[in-house]
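Asker: Dropping the sequence and predicted coords here.
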Amino acid sequence: MQSAVLLLHSWLRWVALVSVVGVTLAALRNQVSGDRSVADRWGMVAMMVLDLQMLLGLLLYLALSPITTGALQNMSGAMQNAQVRFWVVEHPAPMFLAVILAHAGRVLARKAPTPAAKRTRLLICFGLATALILLAMPWPGTPNERPLFRV
């Protein structure tokens, strides 16, 4: 079960990243006016994928991953090990913040009084969410590297 969830979580990260970047690019290109704008459609996809990604991550974190379940039993020991600390704190915390920023950005943009305000809110929130996602991913060449595409 853990390997299937991890595989899905690993592949879904690319869909999440593309959708968040899609919202940011649509805002940069000023494709934000109207109820069915390009940014709104990308935003809906981003919300669905980010929520699913967070759910899978929580399932791994709380139940399936031997790294985090062991670390949760001894947090002081986990904080002293850089690799374990990454999976217990340094990966999930920025990802949670990215999901929160994306949700807040979408709500704020939908309530914006003008297209310019909507564009600004999308750019700030989804731009920051994109940066956090990129920073918290376990890229190859980093101490906690994972393959780009699991098989």
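Answerer: Ah, there it is. This one's a predicted model, so the numbers in the text were calculated from it and none came from an experiment.

Asker: and the longest helix seen in the chain, average pLDDT?
Answerer: Using DSSP state H, we find that the single longest helix of the chain is helix 2-28. When pLDDT is averaged over helix 2-28, the result is 96.

Asker: helices and strands around the helix or strand that comes right after it, which ones?
Answerer: Downstream of helix 2-28, the next assigned helix or strand under DSSP states H and E is helix 38-59. Helices and strands touching helix 38-59, by 3 or more CB pairs under 8 Å, 6 or more residues apart in numbering; DSSP states H and E, are helix 2-28, helix 92-110, helix 115-136. Quick note: C-beta positions are derived from backbone N, CA and C, even for glycine.

Asker: Show me the one of the ones you listed that comes nearest Glu145.
Answerer: Closest approach to Glu145 among the helices and strands packed on helix 38-59 is made by helix 2-28 (12.4 Å; CB to CB).

Asker: tell me which residues in the closest one are buried?
Answerer: By neighbour count on 16 or more other CB atoms under 10 Å, the buried set for helix 2-28 is 5-6, 8-10, 12-13, 15-17, 19-24, 26-27.

Asker: pLDDT weak spots in this structure?
Answerer: Residue ranges of the chain with pLDDT under 70: 35.

Asker: try 80 this time
Answerer: 34-35 (pLDDT under 80).

Asker: who wins for proximity to Leu72 among the helices and strands packed on helix 38-59?
Answerer: Closest to Leu72 of those is helix 92-110 (CB to CB; 11.7 Å).

Asker: How far off centre is stretch 41-48?
Answerer: The chain centroid and the centroid of stretch 41-48 are separated by 12 Å under CA atoms, centre = their mean, to the nearest Å.

Asker: Mind listing residues that contact that stretch?
Answerer: Defining contact as CB atoms under 8 Å, 6 or more residues apart in numbering, one finds that stretch 41-48 is touched by 16, 19-20, 22-23, 26, 102-103, 105-106, 109, 122, 126.
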